[in-house]
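> When you get a sec, could you give me coordinates for this:
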Amino acid sequence: MTGVGRRIVLLEPARAQGFVSGGYRYQDEVCRHLAARGEATQAAIAGPALATTVAALRRHRPDAAIVVDGLFVAQTGQPLPAGVIALLHEAPATAAWAEEPLAAIATSAPTAAAVRSAARAVAIVRPGLDACFVPPAPPRRRANRLRIACVGTIRPAKGQLLLVESLAALPAPRPDIEVVLLGDERTCPDHAACVRAAAGGVPLRWLGCLRPDQVASELQRADLLVSASRQESFGMAVAEAAACGTPVLAFDTGEIRSFVRDGRNGWLVDARADATVFAAALAQLLGDPSALAAATLAAERPALGDWPTVAQEFLRACQG
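Sure thing, here's the model as predicted:
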């Protein structure tokens, strides 16, 4: 995509304080490993400053490979500048997402497929999987309450509301169920309030944003990971749960099908299905503890590399 040996400058939008996302985590991990070898720098800038920042970099660091987060397109409504490398965690919503066809790095196969016709070249560099995401040792034992984990920023697209509404609508109360929500609730406080209200008598534990090792610990203690999002471009939380041997119920979106073997280590619901279909699948699972036990025994580790390997793949994609 660029000349061999060019160092990387990765530009991303300025982050809201405390905001966590899979895309930002990807960038942090890749740049952390490359920066340790002097091969990359990372900078957060305001969206309107993108064009002038790119122009300045070209003047002062003409040998740099400039990588630009595709999130700028959604934030500014403007196409990415010519000549940069686009880092795309999802396909931009607009067809005119670049001034000219760009080389792109996509973090999932669906994203790559969606942008390939408009890009000059596309490389797929998937996220890494931390070493902490492994099945518990000793193997998990069923607690007094069945723990359902849900990972993601508390907002409408992530499906926490569908999860608690489905549980609240069960034909009989289930005091033996506990829902553990891992994710920032400050981004959409009104929606978080709706989730609390819809839960009714369903016990909720709100844990906020956690470090990867803390997420792994919660997944290892969970009996089921529920991903009720229909819009995952990848599905990192699902991959991490699968690596922990935690059964998964999820909409079939992003690359989730490559981590969850439907009917083996989890269950998939068509992303176009009505909410009642998802709720019925959840209710069926909660009524069949033997299915959860069998799925735990059928655990499969996703075929994802560690972050140093991903960083090296990212470097090659920028220089190839």
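
> Alpha carbons only: can I get the helix or strand encompassing residue 73 in CSV?
Assessed by DSSP states H and E, residue 73 sits inside helix 71-76. Taking Å, rounded to 0.1, in the frame of the first residue of the first chain, the C-alpha atoms of helix 71-76 are listed here in CSV:
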residue,chain,number,x,y,z
LEU,A,71,-14.8,7.3,12.1
PHE,A,72,-13.8,10.8,10.9
VAL,A,73,-16.3,10.3,8.1
ALA,A,74,-19.2,9.8,10.5
GLN,A,75,-18.2,12.6,12.7
THR,A,76,-17.6,15.3,10.1
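
> quick one: buried residues of it?
71-73, 76 (16 or more other Cβ atoms under 10 Å). In short, each C-beta sits where N, CA and C put it, glycine included.

> what do you get for stretch 146-165?
146-155, 158-165.

> Sort out for me which of the residues you listed are in helices.
Under the assignment DSSP state H, the buried residues of stretch 146-165 contribute 160-165 to helices.

> wait, which of those is closest to residue 173?
residue 164 (13.7 Å; Cβ to Cβ).

> what are the phi and psi angles of the closest residue in space to residue 121 that isn't next to it in sequence?
Spatial nearest neighbour of residue 121, excluding adjacent residues (Cβ to Cβ, 6 or more residues apart in numbering): residue 103 at 4.8 Å. Phi and psi for residue 103, reported as degrees, to the nearest 10, are phi -70, psi 140.

> hmm, back to that, helices and strands around the helix or strand just after the helix holding residue 73, which ones?
Using DSSP H and E, the helix or strand that follows helix 71-76 in sequence is strand 85-88. Where contact means 3 or more Cβ pairs under 8 Å, 6 or more residues apart in numbering; DSSP states H and E, strand 85-88 is packed against strand 65-69, strand 103-106, helix 109-115.

> Could you list the paired strands of strand 85-88 along with their orientation?
Sheet pairing of strand 85-88 (DSSP bridges) gives strand 65-69 (parallel), strand 103-106 (parallel).

> Show me the strands in this structure, by range?
8-13, 40-45, 65-69, 85-88, 103-106, 121-124, 146-151, 177-182, 204-208, 224-227, 248-252, 266-270 (DSSP state E).

> Can you add distance to residue 235 and mean pLDDT and give these back as TSV?
Shown next, in TSV, are the strands of the chain (distance: least, Cβ to Cβ, whole Å; pLDDT from 0 to 100):
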stretch	distance to residue 235	mean pLDDT
strand 8-13	21	96
strand 40-45	24	96
strand 65-69	20	97
strand 85-88	16	98
strand 103-106	14	98
strand 121-124	15	98
strand 146-151	10	96
strand 177-182	15	96
strand 204-208	20	94
strand 224-227	7	98
strand 248-252	7	98
strand 266-270	11	98
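
> quick one, domains of the protein?
Split into domains by automatic domain parsing, the chain comes to 8-128+306-319, 146-297.

> okay, the ones you listed in TSV with distance to residue 139 next?
Compiled in TSV, the domains of the chain are given as follows (distance: least, Cβ to Cβ, whole Å):
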stretch	distance to residue 139
domain 8-128+306-319	24
domain 146-297	8
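
> and residue 134, which of the ones you listed is closest to it?
Nearest of the domains of the chain (Cβ to Cβ): domain 146-297, 6.5 Å.

> Quick check: end-to-end length of that closest one?
17 Å (Cα to Cα, to the nearest Å).

> starting at the chain centroid, how far to that domain?
14 Å (Cα atoms, centre = their mean, to the nearest Å).

> what's the answer for stretch 128-144, then?
On Cα atoms, centre = their mean, the centre of stretch 128-144 falls 19 Å from the chain's centre.

> mean confidence for that stretch?
Taken as a whole, stretch 128-144 has a mean pLDDT of 87.

> Do me a favour and get the end-to-end distance for it?
End to end - Cα to Cα - stretch 128-144 spans 34 Å.

> No further questions, thank you.
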